[in-house]
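Engineer: What follows is a protein structure lacking sequence information:
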């Protein structure tokens, strides 16, 4: 790994931190060189666990920053009210990120009114001291036809037919802290990104956010407006990193009250030496991680103890972290969920840590 001299001068802790790092890494470097002499056909690699101990030692989880994605759309985990109460009473979390997805089941045609019954249930079921960040995303299938667009613009149509109606309905609901306009605009697996033409066009996403910002601040001036996070900022490098940079260059900060990112995996070298940490530290707004997590019920606690303190240290303006996610009906060794449906393996180690700290 080549360390950029410009990055070294900005590392937290300055020269003392750098000297400590070099001396800590020296035994590994020596062993790697010796290994390469003894077995030349193999490419030398540093031990992953040792690197983690250097860059991301296990630290206390920053509980005060935590919330959780809780979509409460699978009744095998209980009722909507029951799941939200469990988040608050059992896990001790007072922040949830909830999904208000615009789809055919919500609005079957361009000319029908959206059915918000399920979303009413979510908001009405929030415990008294729990606040919700509402994600506004998705498009019905009929949005693929340009004849259904207002002024020939799918982004304006999304704002007028979905964002405006949702915000008008919930503008006075105190438990909603704000609205996040869209989700992962650069994600190719989300076909709605092609419909709104934001997949490879950050400028178009910023236009969408600007339209949403005007609408939300007009109808609900006390609510926060949050930009859509891209896919995990340190993964698919440098594509996702560049999408974020282009959003910033297009003026995204003028239309958001905090800057949202997603962080999955580790890839901490890209935060330290790849420009991501420097970019995030240069943002004048609070940083919110609206999704982060790892697969496997026995890996979540260690991930939270390594990655979350690391990110808080490298990005001091980090002020919220929403775990992904409360429930997920996938096998225990593959799930992101704090809870899953695998018999005798339903709770992750992070769920247990959150529960037992109460």
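Structural biologist: Yep, it's here. Every value quoted in this text rests on a predicted model; they were computed, and no experiment measured them.
Engineer: which element is residue 319 on?
Structural biologist: Assessed by DSSP states H and E, residue 319 sits inside strand 318-323.
Engineer: between whichever helix or strand comes after that strand and strand 318-323, how many degrees?
Structural biologist: For strand 318-323, the following helix or strand on the C-terminal side (DSSP H and E) is helix 349-356. Counting by axes from the mean of the first three to the mean of the last three C-alpha atoms, to 10 degrees, helix 349-356 lies at 110 degrees to strand 318-323.
Engineer: circling back to that earlier point, can you give me the buried ones in the strand holding residue 319?
Structural biologist: 318, 320-323 (16 or more other C-beta atoms under 10 Å). Where C-beta positions appear, they are placed from N, C-alpha and C, glycine not excepted.
Engineer: hey, where'd the helices end up in the chain?
Structural biologist: 5-8, 14-38, 48-55, 80-89, 117-125, 154-158, 164-170, 192-195, 202-219, 239-249, 268-272, 276-281, 300-314, 349-356 (DSSP state H).
Engineer: Does anything pack onto the fourth one? Which helices or strands?
Structural biologist: Read that as helix 80-89. helix 117-125 (3 or more C-beta pairs under 8 Å, 6 or more residues apart in numbering; DSSP states H and E).
Engineer: Run through who's touching the helix it packs on.
Structural biologist: 72-73, 79-81, 84, 98, 100, 132, 166, 170, 173, 175-176 (C-beta atoms under 8 Å, 6 or more residues apart in numbering).
Engineer: Buried ones among the residues you listed?
Structural biologist: Neighbour-count burial (16+ other C-beta under 10 Å) applied to the contacts of helix 117-125 gives 72, 80, 84, 98, 100, 132, 166, 170, 175-176.
Engineer: returning to what we had before: which other helices and strands does the strand holding residue 319 contact?
Structural biologist: strand 66-69, strand 95-101, strand 287-293, helix 300-314.
Engineer: how about CSV for the ones you listed, with distance to residue 253 and mean pLDDT added?
Structural biologist: Output for these, formatted as CSV (distance: least, C-beta to C-beta, whole Å; pLDDT from 0 to 100):
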stretch, distance to residue 253, mean pLDDT
strand 66-69, 22, 98
strand 95-101, 21, 98
strand 287-293, 12, 98
helix 300-314, 20, 98
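Engineer: any chance of those in JSON lines, plus distance to residue 343?
Structural biologist: Output for the helices and strands packed on strand 318-323, formatted as JSON lines (distance: least, C-beta to C-beta, whole Å):
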{"stretch": "strand 66-69", "distance to residue 343": "23"}
{"stretch": "strand 95-101", "distance to residue 343": "27"}
{"stretch": "strand 287-293", "distance to residue 343": "22"}
{"stretch": "helix 300-314", "distance to residue 343": "19"}
